[in-house]
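Undergrad: give me the fold of what follows.
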Amino acid sequence: MSRATPAARAGAPAVESGGPALELLVHGVGGTTPQKMLADPRTVRVAGDDTAALYRRAEDADAEAHPERYRGRPVPEAYVWCNLTSGNSARALWLLLLPFMVINLAHWMRPPARDPAWAIRLYGVLVRLVALSLTVLLVAAACEVALDLTAWQCAGSAACSRSWYWLGFTSVAHHGWWAQPGRRLALAALAPAGLTLLLWYLSNRTWSAYESQQPLDAEPAANPARAAGPAFSRPGFWYGRRLVARLRAAHTAAGFLTTAAGVTAAAARYDRAATSAVFETLGLLLESTLAIAGLVVVWVVCRRGRTESHLDERLDRAVTAWLPVSSLVLLASALVYAAWDRSDWVSAGTLPGDRAFGFLTLAQGVLVVALAAVAGHLRRRAPGERTTLGGLGGPVVAMLACALGGVMTGGVAQRVADWIDHGAPQGTRRSVFNGPPPLLTWQASVIPALLALLVPVVVFFVVRTWRTARAEAPRVMADYPTERPDTARTRQIARARAMAGLTDHAPVFLGVVSGASLLLGAAALAGAWWTSQVPDRAADGAAAPVAFAADAAQSLGSWCTGFGFLLFVTWGRRAYKDAAARRTVGILWDVGTFWPRAAHPFAPPCYAERAVPDLAWRMNTWTDRTGGRLVISGHSQGSVLAAAAVWQLPAATRRRVALLTYGCPVERLYGRWFPAYFGPAPLRALHQEVHCWRNLWRATDPIGGPVLTGGDVDKGPLLDPLAYGRTREHPLPAPILGHSDYQADPAFGRERALLLAELASGVPNQRVDQGSSGRSSG
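TA: This is a model prediction of the structure:
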């Protein structure tokens, strides 16, 4: 599939190079080792650190000093980046940040319309507001556990606190200094405040390691071609230092203010019912100040988005320094105000402000609906582009982030309540306290209904896959025309192809989950506000089928949240202790944290802000220093990194670089979910700008696929398995490789050789070896 004159097609002069050739291998999801990538146990690190580095075979370490050894083959070099997502055991804490990662993805799923500017800006503002609500939700859940369930309800009950020795000094039964409700709340507020500080610390540490990496800026930032070109070619795309610092300050302040509001609301309500005008005035003043500070946080979040046209080195010092400090001062003031002596204050019922969960849920629903309206408007401005769910991929994912946040926080609150109450069902007579707000129980109770709705969807996909596999059988035999038919083998190959096709139907499944979550969440909110009771108590006196259904839904929902909580804790514990389990978690982050943190600063960091500059710097400096040719060879997620890095190169370097991708999700996944960045127009622009590009794909690959239709980039589908039955070359049954081991196919060596030949067009007497020099499957 060679192009005769790729340089002429791009309007650039032919490449002239008599230097060495380098094959830069980039692995995919899940990680690997340099020894496996280079097929050699003896490797040396030639650049980088323990987090991400370049490796070569020991014998190739000084390849540039001896170019005569490599006249017939490229020098293999491996870029290993897996520790960016699955390094030390602290990465297990990233499981807590799953909703934050998901909402960050929604920002990048904007439809590909270039105007109107107000709609594009509003889309980003709405996503950032949903992200802010998730931070408030997490801290509010921590307040529910620490302030309401523990300090207000259990420590306020002699029967409950007697069961927990660690609550003894705060128990009303001891009549000690800490027994007053305000002082108990002030002490318990240290838990959500500590959680906020932990999130700030993790974000700040990763900000210094990832967002502060200097990207390659080899061309003038004011170059109009770069400003008008694909987003990935802009110098500031992989440099989100300013925005993340600004959002981190706002979300940290929101966490402190949420904690302060939880403490202040209880004390202020008591003071309004008491006779002290001074304390009533102080409470009103503090509540007003907290409300104003909250509006400032919202303004900071909405005020500024990303800067991509240039490297923005500035930091908003007034925001990043004073906003968190001011909110911390307000929190301290709230704690002092609540802890002041109120000898006749007694805690009863639930903590004031428990309806805040309802208002927060309502706000999230309104924001998601507004986001869907804006996305639909943008989609209508770009009707010809291929997008997931008609351009509604962003709102769907935003809704899933809210649902995840609700399930995780509600599940934790319910499990802690059951633990404190020794497993007594909430709302029963033998329960010594009221438990969490009814809304959290209603939200858990709709989970069985959601699962029931998904059953016919799953059945539909199972039947569809079975029918697709049956229809695929004749095509399998057409691909192996000389083989004797074997029914079992044909079914095996057809089933693998049909299963790989499920990836293309995943958006429908996620759309159903998201839509059902929105409707059922609205029903749960209405039920909680209408009855102010948990479902089984609300159904008292109703018809027997209704009462049975309410009780069953509440019980099953409690079991579902309990199972989810147990699974979450078990997975997190394994990931903390076991490197293999940590790599499994890392696979999720490989896909979810490719994008910069544009919506949520507490999301796991964007590894591409380190990996893309690494690759771009390596390609630019190596070609400039040696004058040689370079093939960047990327598998799976590594192909996405490779394409993004090539976009960052100056034009002179791109003429010396070829791109080889295999198992590539650039169009199949990224192009459909993120059409503004990987849609047909940006991919066509990359095809025109890079010297030459080949993409290998298989019909059995559930992740990779073709990247451009009607061009000379794609080579496929490759035969998989390589042999239908036993042959002289394959005496044992050949495996179905699917997404892995593309180098086992002879087409890999051939296409790489053709790329090197195209790069060497104009170089006399250039010999090309068609063997494989290394492995890069991850």
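
Undergrad: can you pull the contacts of residue 22?
TA: Counting by Cβ atoms under 8 Å, 6 or more residues apart in numbering, residue 22 touches 74, 75, 77, 622, 626, 628, 629, 630, 631. Any C-beta I mention is one placed from the backbone N, CA and C, and that applies to glycine too.

Undergrad: so how many other residues sit close to residue 475?
TA: 13 (other Cβ atoms under 10 Å).

Undergrad: ok, now which ones touch it?
TA: By Cβ under 8 Å, 6+ apart, residue 475 lies in contact with residue 494.

Undergrad: list phi and psi for residue 82.
TA: phi -60, psi -30 (degrees, to the nearest 10).

Undergrad: against residue 52, how distant is the closest residue in space to it that isn't next to it in sequence?
TA: Among residues not flanking residue 82 along the chain, residue 31 sits closest, at 2.6 Å (Cβ to Cβ, 6 or more residues apart in numbering). Separation of residue 31 from residue 52 (Cβ to Cβ, to the nearest Å): 11 Å.

Undergrad: likewise residue 350?
TA: Look at residue 350 and residue 52: by Cβ to Cβ, they are 49 Å apart.

Undergrad: then residue 645?
TA: Per Cβ to Cβ, residue 645 is found 13 Å from residue 52.

Undergrad: wait, a helix at the residue nearest to residue 82?
TA: No. Counting by DSSP: H, G, I helix; E, B strand; the rest coil, residue 31 falls outside a helix, being coil.

Undergrad: what's the pLDDT at it?
TA: Residue 31 is assigned a pLDDT of 72 by the prediction.

Undergrad: wait, what's in contact with residue 34?
TA: Contacts for residue 34 (Cβ under 8 Å, 6+ apart) come out as 43, 45, 55, 78, 80.

Undergrad: which stretches of the protein form strands?
TA: Taking DSSP state E as the criterion, the chain carries its strands at 21-26, 43-48, 53-57, 75-80, 629-635, 657-662, 692-698, 714-718.

Undergrad: now render those strands as a markdown table, adding distance to residue 273.
TA: Converted to a markdown table, the strands of the chain look like this (distance: least, Cβ to Cβ, whole Å):
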| stretch | distance to residue 273 |
| --- | --- |
| strand 21-26 | 65 |
| strand 43-48 | 64 |
| strand 53-57 | 64 |
| strand 75-80 | 64 |
| strand 629-635 | 66 |
| strand 657-662 | 68 |
| strand 692-698 | 70 |
| strand 714-718 | 73 |
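
Undergrad: residue 645 and residue 52: which is more packed in?
TA: Taking other Cβ under 10 Å, residue 645 and residue 52 do not tie; residue 645 has more neighbours (31 against 19).

Undergrad: between the contacts of residue 34, which is nearest residue 746?
TA: For these, the closest approach to residue 746 (Cβ to Cβ) belongs to residue 78, at 21.9 Å.

Undergrad: distance check, the closest one against residue 24.
TA: As for residue 78, its distance to residue 24 is 8 Å (criterion: Cβ to Cβ).

Undergrad: which residues touch the closest residue to residue 744 other than its chain neighbours?
TA: Spatial nearest neighbour of residue 744, chain neighbours left out: residue 737 (6.5 Å); criterion: Cβ to Cβ, 6+ apart. By Cβ under 8 Å, 6+ apart, the contact set of residue 737 is 698, 700, 720, 721, 744.

Undergrad: mind listing the residues bridging to the first one?
TA: Pointing back at residue 698 there. Beta bridges link residue 698 to residue 718 when assigned by DSSP bridges.

Undergrad: give me every residue that touches it.
TA: Taking Cβ under 8 Å, 6+ apart, we find residue 698 in contact with 500, 663, 704, 716, 717, 718, 720, 737, 738, 739, 742.

Undergrad: got it, and the fourth one?
TA: Going by Cβ under 8 Å, 6+ apart, residue 721 touches 493, 733, 734, 735, 736, 737.

Undergrad: repeat the analysis, applying 7 Å as the threshold.
TA: Contacts of residue 721 were listed using Cβ atoms under 7 Å, 6 or more residues apart in numbering, and they are 734, 735, 736.

Undergrad: so the last one touches residue 722, yeah?
TA: It stands for residue 736. No. Contact between residue 736 and residue 722 fails when scored by Cβ atoms under 7 Å: they sit 9.8 Å apart.

Undergrad: quick check: the residue lying closest to residue 507 once chain neighbours are set aside vs residue 96, distance?
TA: The shortest distance from residue 507 to any non-neighbouring residue, by Cβ to Cβ, 6+ apart, is to residue 388 (4.5 Å). Residue 388 is 27 Å from residue 96, where distance means Cβ to Cβ.

Undergrad: which of those two has more neighbours?
TA: Neighbour tally, residue 388 and residue 96, criterion other Cβ under 10 Å: the higher count belongs to residue 388, 23 against 18.

Undergrad: tell me who's in contact with that one.
TA: Contact analysis of residue 388 by Cβ under 7 Å, 6+ apart lists 507, 672, 673.

Undergrad: return the subset of those lying in helices.
TA: Judged by DSSP state H, helices contain the following of those: 507, 672, 673.

Undergrad: so how far is residue 646 from the second one?
TA: Applying Cβ to Cβ, one obtains 21 Å for the distance of residue 672 from residue 646.

Undergrad: who has more neighbours out of those two?
TA: Taking other Cβ under 10 Å, residue 672 and residue 646 do not tie; residue 646 has more neighbours (26 against 20).

Undergrad: hang on, isn't that one packed against residue 656?
TA: No. Judged on Cβ under 7 Å, residue 646 makes no contact with residue 656 at a distance of 11.2 Å.
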